[in-house]
Every structure is written in C-alpha cells, then in structure tokens.
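Student: Task: produce atomic coordinates for the following.
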Amino acid sequence: MSCATLIQPSPRSTAARSGAAHGNTRTSALRALFIIGLIVIVGGCATSMRLGYNQAETLVNWMVSDYVDFDPQQRDLFGQKFRALHAWHRRDQLPEYVRLLRETRSRAEDGLSREDVMWVMARGRGRLDAMVQQGADDAAEVLSTLTAAQVKELDASFIRANRKFMRDWAVGRPAAEQQRVRAERTITQVERFTGRLSREQNERVVALSNALPLTTDQRFAERQRRQRELTAALQSGRSRDELAGWFRQWAPNWERGRDEAYARTAKIALEQRTQMYVEIDQMLTPAQRRVALDRLQGYIDDFVALIGSDAAQRRAANQATK
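Tutor: Next up is the predicted model:
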C-alpha cells in the first residue's frame, strides 16, 4: 500500500478531487484516529514518511471531512484527541517500531523461516492492537457526539466506499477474476520491497497466490457486518461511557461474530499465506534481498529521525520554561 493510497479522499469527493478512499475493514472515524499506526505497519513511501508523520493531523482532518462534516466543536474535540494520540504514539510507539523493524531486518538477512514470518505478523498485529486500545476511549467520545444526520452521512460513506471495494477486489465476479486481482496486488506488495521481479518469479507468485483459499466475497460480507455493528451502536442511544465500553470490546476484536465457515477458511488462508511469504523470500536473488534490506533500513532511519526530532523539541521546550 502506498502513501498516496493512504491519504486519498473518500468516494464522496471524487467529483471535486482526484482519487478515492482505499478500502479497509476499519470505519472511517476509527481509521482516521489510527492512521499513523496503519501507515507504519502496512508500509508507505519511505521518502515521504517523515513528512507524512509530521503532517498527520492535516492529512487525517482531510480524510475525516470526506466522511463526516464535523461542526466546529466536534472538530476541536477531534483535534485535541488526535494530537494527544499522536504525541503518545511518537513517544511510546515509534521506539517499538524501530525495535520491530531492526529485528525483522536481522531475521531477513539470511532468509525468513515460517517462524520468522509468524513472529513479524504477530508483532505487527500487536502494535496495531496497542493503537486501538490507546485510542478507543477518545474515539468513542468523538463518535458519541455524532448526530443522527451525521450517522446517516457516515453510513452513506460506507456504501460509497464499499462500491469502490467491490470494483477494486472484483467482489461478486468469477473466481478467476478475483484470483487475478489478488495476485496482482500481491506482486505489487512484494515489488515494493524487492524491486522488479523476473518473469519466472512473477509466475511463481501468481501460482502461490492462486493456491490460497479465495475469500473475497466473505471478506466483503465481513466488512459490511462490522460497518452495520458500528452504525447500530451509534444509533442505540448509549451514553458516552456505555459507548466507550462497547467500543473497547468491539474495535480490537476483529474476529468476534464472524461467520464460522469464514473463520475456518480465514485461518487456513492465513496459514497458507504465511508459507507463501516464506517461499517468496526463498526465491529472491541477492540483489533483491539487498533492496528489501535497504528499504527496511530506510524505515528504521526515518523512525529514528522522528524520535530524535521529538526529543530535540522537548529539550528546547524544557529550556524555554527554565
């Protein structure tokens, strides 16, 4: 996923702006609050990482305005909560990302084992879960201020975003078309780290991707289910505290309430995808591995620089108060 994808507006604004919001099982409001964590976990363009991170509030406000029109009081509340989350993330989470990426890079130098891939995926999920837990109360406080008209507006944004998701992933289309779309996305993700794949490597990635269980339609149904749950909660008349309690339980528990058949298929797909990453890693040339290691190092350098700039700003602030 590219930085450009992460900062695109919602489908509602396509008539006025170029681009459209990327599909994600997250709701727009939650995605906005946690966009920083998503950026660093899924990866972006390293050359723009520092700029994007430092301008996160501007980018997030732009995204949110494409989903819900806040009144001035709501906008101020959102800005206050987001700045606090951003400060926490810079202080507490960036060092964790540096440690995660350094360990990942070390493991990748000699080739990734299945255990290595599972470790990276688990640690990445852990960082995202930390973001959700940290921001749940603040997200609930903001969401609890939405009027009935704003909830209706949010629901309409979901519908538009879902139409784009259907186009992007070929939802409801023949299996062969869904496999083609998935394989193309996998190749794009791999090449973002390794550089250009050879024709033979490309064919191998397609074969590995096509062997995975096809869950496109089930994922879309799951996405809609989660959206309906949020909308229902916002319309339920819960108090702010009640909504916060519900949200803390709902937000991080992605699998809760899943269709059992999909849960079984998703588990198998995760296991097979883990093995796919191992096989892709094994087919890399020394030059491609070096590119991947350099990309990881680029992220590390960016995060270290962001930590350093924050420390410098805090030292300057402390000096100014003396």
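Student: How much space separates Thr215 from Arg163?
Tutor: With distances taken as CB to CB, to the nearest Å, Thr215 is found 20 Å from Arg163. In short, each C-beta sits where N, CA and C put it, glycine included.
Student: Compare neighbour counts for these two and give me the winner.
Tutor: Per other CB atoms under 10 Å, whichever of Thr215 and Arg163 has more neighbours is Thr215, with 17 against 14.
Student: I'd say the more buried one and Tyr262 touch.
Tutor: Yes. At 7.0 Å, Thr215 and Tyr262 qualify as touching, with contact defined as CB atoms under 8 Å.
Student: quick one: average confidence on stretch 199-210?
Tutor: Per-residue pLDDT values across stretch 199-210 average out to 97.
Student: Can you point out the helix or strand that includes Val64?
Tutor: helix 56-65 (DSSP states H and E).
Student: Correction: the previous question concerned Met276.
Tutor: With DSSP H and E as the criterion, Met276 is inside helix 260-282.
Student: Residues touching that helix, excluding its own?
Tutor: 108, 111-114, 117-118, 121, 190, 204-205, 208-209, 211-213, 215, 218, 221-222, 255, 258 (CB atoms under 8 Å, 6 or more residues apart in numbering).
Student: Output that helix in PDB with nothing but the alpha carbons.
Tutor: Extracted C-alpha coordinates of helix 260-282, given in PDB (Å, rounded to 0.1, in the frame of the first residue of the first chain):
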ATOM      1  CA  GLU A 260     -18.000 -19.800  11.400                       C
ATOM      2  CA  ALA A 261     -17.300 -21.000   7.800                       C
ATOM      3  CA  TYR A 262     -15.400 -17.900   7.000                       C
ATOM      4  CA  ALA A 263     -13.500 -18.100  10.300                       C
ATOM      5  CA  ARG A 264     -12.300 -21.600   9.400                       C
ATOM      6  CA  THR A 265     -11.400 -20.500   5.800                       C
ATOM      7  CA  ALA A 266      -9.600 -17.400   7.100                       C
ATOM      8  CA  LYS A 267      -7.500 -19.400   9.400                       C
ATOM      9  CA  ILE A 268      -6.400 -21.800   6.700                       C
ATOM     10  CA  ALA A 269      -5.700 -18.800   4.400                       C
ATOM     11  CA  LEU A 270      -3.500 -17.200   7.000                       C
ATOM     12  CA  GLU A 271      -1.500 -20.300   7.500                       C
ATOM     13  CA  GLN A 272      -1.000 -20.800   3.700                       C
ATOM     14  CA  ARG A 273      -0.200 -17.100   3.200                       C
ATOM     15  CA  THR A 274       2.500 -17.400   5.800                       C
ATOM     16  CA  GLN A 275       4.000 -20.200   3.900                       C
ATOM     17  CA  MET A 276       3.700 -18.200   0.700                       C
ATOM     18  CA  TYR A 277       5.800 -15.400   2.100                       C
ATOM     19  CA  VAL A 278       8.400 -17.900   3.100                       C
ATOM     20  CA  GLU A 279       8.600 -19.300  -0.500                       C
ATOM     21  CA  ILE A 280       8.700 -15.800  -2.000                       C
ATOM     22  CA  ASP A 281      11.500 -14.900   0.300                       C
ATOM     23  CA  GLN A 282      13.400 -18.100  -0.700                       C
END
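Student: buried set for that helix?
Tutor: Tyr262, Thr265, Ala266, Ala269, Arg273, Thr274, Met276, Tyr277, Val278, Ile280, Asp281 (16 or more other CB atoms under 10 Å).
Student: ditto for stretch 115-129
Tutor: Asp116, Val117, Met118, Trp119, Val120, Arg123, Gly124, Arg127, Leu128.
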